[in-house]
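Enquirer: Provided below for reference: sequence and predicted model.
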Amino acid sequence: MPRNNTNRTGSTILEFVLVGIPMIFIFLSLVEISRGMWIYHTLAYAVREGTRYAAMHGKDCASPNNCQVTIGGITTVIQNAGVGLDPNAVKVTFTPASGAASTDTLTNQLASSTTWPPSGANLVGQNVSITLKYPFRTFLAVFWAGDGHPIADSQTFYLPATSTEPIQF
């Protein structure tokens, strides 16, 4: 005996609403989490490469030759390793073992001709530390636009990455 399916009209739409829309949201969330993880990994790799480069260029790196580097040179290494990062948004902080730290955007630090690590903080065994901070803006903010915040300013997370190494040479 055949079944009568006329009393089941509209069930497909209901099933899509109950299952499909949440699945779309989960998929978009996974894409955003993956993008955030990629940006963080790139940030961590870039700061590690910059710190390694600085740690190899201390006071005695090629005695008697002077091969100390500048903030601009280290920033170039960071920029080359950080493919895909917006240089105007990345905040870079150079912290020597002693003395004042230098903080600015990646773009502005590229032009710096300041020798780093500075004298007195460039001896073998002293730590050098570089920190990057990057704003991660997610498009998922459109789902929470009704909470009184403008979409452009909401859902911004700052991803930090720090690397510290002792000067080798």
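Expert: Cool, got the structure.

Enquirer: Quick check: end-to-end length of stretch 81-88?
Expert: Stretch 81-88 has an end-to-end distance of 16 Å (C-alpha to C-alpha, to the nearest Å).

Enquirer: ok, and what's touching it?
Expert: For stretch 81-88, the surrounding residues in contact (C-beta atoms under 8 Å, 6 or more residues apart in numbering) are 38-39, 42-43, 45-46, 49-50, 79, 90, 105-107, 110, 132, 134. Heads up, the C-betas are built off the backbone N, CA and C, glycines and all.

Enquirer: do the same with stretch 119-129
Expert: For stretch 119-129, contacts defined as C-beta under 8 Å, 6+ apart pick out 51, 54-55, 58-60, 68, 94-99, 116-117, 162-169.

Enquirer: What subset of these is buried?
Expert: The neighbour-count test (16 or more other C-beta atoms under 10 Å) marks 51, 54-55, 58-59, 68, 94-97, 116-117, 163, 165, 167 as buried among the contacts of stretch 119-129.

Enquirer: and which of those is nearest residue 13?
Expert: The shortest approach to residue 13 among the buried ones among the contacts of stretch 119-129 belongs to residue 163, at 53.1 Å (C-beta to C-beta).

Enquirer: In contact with that closest one, which residues are there?
Expert: Residues near residue 163 by C-beta under 8 Å, 6+ apart: 44, 47-48, 50-52, 129-130.

Enquirer: And residue 101, by the same measure?
Expert: The neighbourhood of residue 101, defined by C-beta under 8 Å, 6+ apart, consists of 93-95.

Enquirer: and the gap between it and residue 117?
Expert: Distance of residue 101 to residue 117, given as C-beta to C-beta, to the nearest Å: 11 Å.

Enquirer: cool, and residue 84?
Expert: Residue 84 is 28 Å from residue 117, by C-beta to C-beta.

Enquirer: Among the contacts of residue 163, which pair sits farthest apart?
Expert: Pairwise distances across the contacts of residue 163 peak at 13.9 Å for 44 and 129 (criterion: C-beta to C-beta).

Enquirer: Excluding residues flanking it in the chain, which one is nearest the residue positioned nearest the centre of the chain?
Expert: Central residue check for the chain by C-alpha atoms, centre = their mean: the C-alpha nearest the mean position is that of residue 43, 3.7 Å away. Nearest non-adjacent residue to residue 43, counting by C-beta to C-beta, 6 or more residues apart in numbering: residue 161, 4.3 Å away.
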